[in-house]
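J.: Give me a model of this one.
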Amino acid sequence: MPVRSAAENGPHGADGSPAPHAEPVARLAATRTESRRAVRGIRGGRRRRSEDTEPLTPLPRGRERGAGRREWLRYGSAMAEIVYPPVIGAALTLFRALDLKIRIEGAERIPRTGGAVLVSNHISYLDFIFAGLAARPSGRLVRFMAKKEVFDHRISGPLMRGMHHIPVDRGAGAAAFGAALKSLRGGEVVGVFAEATISRSFTIKEIKNGAVRMAVGAKVPMIPVSLWGTQRLWTKGHPKKLLQRHVPITIRVGEPMHPQRGDDYDAVTADLRGRMSEMLDQAQRGYPEIPQGVWWQPRHLGGTAPTPEEADKLDAEEAEVRAARRES
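T.: Numbers count the residues shown, from 1 in each chain. From the prediction side, this is the model:
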């Protein structure tokens, strides 16, 4: 399963809030043999080069070993990275085995150094994996903001902490916002799903201005990302099809936005949503498969997904059920 940027592939494609859920993270981490090989290859500079993946910069040996640890910056962060690279290796191995047709467009827009807020649409429980791949050609690791419950899970929790993702307690969001600002100011790329939940209609839901405020507070760019095709593997209201083969996945990276203090944050947020909607529509209309009458297509393209109004009603009903459970 080759994973390439659009710049590498040319015009014909490749032949690469809510957050990570426990099962997909655990499933990827279970590929222990590949993970260990990935770590050994990275540390020793022995990872085999392939036209399908970007080579990683090996760590220097001998007296330069201490400085070599800073070479993890090539792979994303000055933090000690023990967990994240093997998880990426396991994911890529799985995607290659499934022959997923992943196409990344605009990856060069993600900076190789410095902080940035990556704002992605949300259509699948696996979106954090694919949105993170958008930053891979730039050698970056994305720290996603994820609901606290994922960190409390006995399997996914240690992995999430090991990958330095950011827990979000919806009852105390200020702490997560502060942690995100700290990461951004430290030069990290922080990932946000601004819709706050999966879009059942496969259109862009209303979004809040948290991503804009983060970008302004840390003085970093805000970069929109659109995903399409990931919903076919696992999304809300439909059975998992994690082992489905040959599925096209489109990852589009938009032009960076640079909101400033004093801007109308709601207006900037509306602009962000408009850009994300346009990018998603382009990804949908340029998708290799546009069948009629299938559940994973939006209604306006001939699919049977709920309309945005129907999706909002379903979300409201689901929220009522969750609230009733908490009170019981």
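J.: hang on, Ile251 in a strand?
T.: Yes. Counting by DSSP: H, G, I helix; E, B strand; the rest coil, one finds Ile251 located in a strand.
J.: What about it, how many residues nearby?
T.: Residues near Ile251, counting by other Cβ atoms under 10 Å, number 29. Every C-beta, even on glycine, is put in place using the N, C-alpha and C of the backbone.
J.: Quickly find the element holding Ala146.
T.: strand 142-147 (DSSP states H and E).
J.: Can you name the element that comes right after that strand?
T.: Beyond strand 142-147 on the C-terminal side, the first helix or strand identified by DSSP H and E is helix 148-152.
J.: quick one: average confidence on that next one?
T.: For helix 148-152, the mean per-residue pLDDT is 87.
J.: buried set for that helix?
T.: By neighbour count with 16 or more other Cβ atoms under 10 Å, helix 148-152 contains the buried residues 148-151.
J.: picking up where we left off before, tell me the strands beside the strand holding Ala146, with direction?
T.: strand 166-168 (parallel), strand 189-193 (parallel) (DSSP bridges).
J.: Which of these has the lowest mean pLDDT?
T.: strand 166-168 (a mean of 94).
J.: Would you mind listing the outside residues contacting that one?
T.: Outside strand 166-168, the residues within contact range by Cβ atoms under 8 Å, 6 or more residues apart in numbering are 17, 19, 143-148, 150-151, 160, 176, 179-180, 183, 190.
J.: Mind giving me the packing neighbours of whatever helix or strand comes next after that strand?
T.: Per DSSP H and E, the first helix or strand lying C-terminal to strand 166-168 is helix 173-185. Helix 173-185 sits against strand 142-147, strand 166-168, strand 189-193, helix 210-218, with contacts defined as 3 or more Cβ pairs under 8 Å, 6 or more residues apart in numbering; DSSP states H and E.
J.: For the third one, what is the distance to the chain centroid?
T.: A distance of 7 Å separates the centroid of the chain from that of strand 189-193, by Cα atoms, centre = their mean, to the nearest Å.
J.: just the angle between that strand and helix 173-185, please?
T.: Counting by axes from the mean of the first three to the mean of the last three Cα atoms, to 10 degrees, strand 189-193 lies at 140 degrees to helix 173-185.
J.: rewinding a little: now, which of the contacts of strand 166-168 sits nearest Glu310?
T.: Ser17 (22.0 Å; Cβ to Cβ).
J.: What is the neighbour count of Tyr125?
T.: Around Tyr125 there are 23 residues (other Cβ under 10 Å).
J.: Show the pLDDT at it.
T.: pLDDT for Tyr125: 93.
J.: does it sit in a helix, a strand or a coil?
T.: On the basis of three-state DSSP, Tyr125 is classed as coil.
J.: Spatially central residue in this structure, please.
T.: With distances taken as Cα atoms, centre = their mean, Ala131 lies nearest the centre of the chain, 2.5 Å away.
J.: Show the end-to-end separation of stretch 94-113, please.
T.: Taking Cα to Cα, to the nearest Å, stretch 94-113 runs 28 Å from one end to the other.
J.: Out of the helices and strands in the chain, which is least certain?
T.: helix 65-69 (a mean of 38; mean pLDDT, DSSP states H and E).
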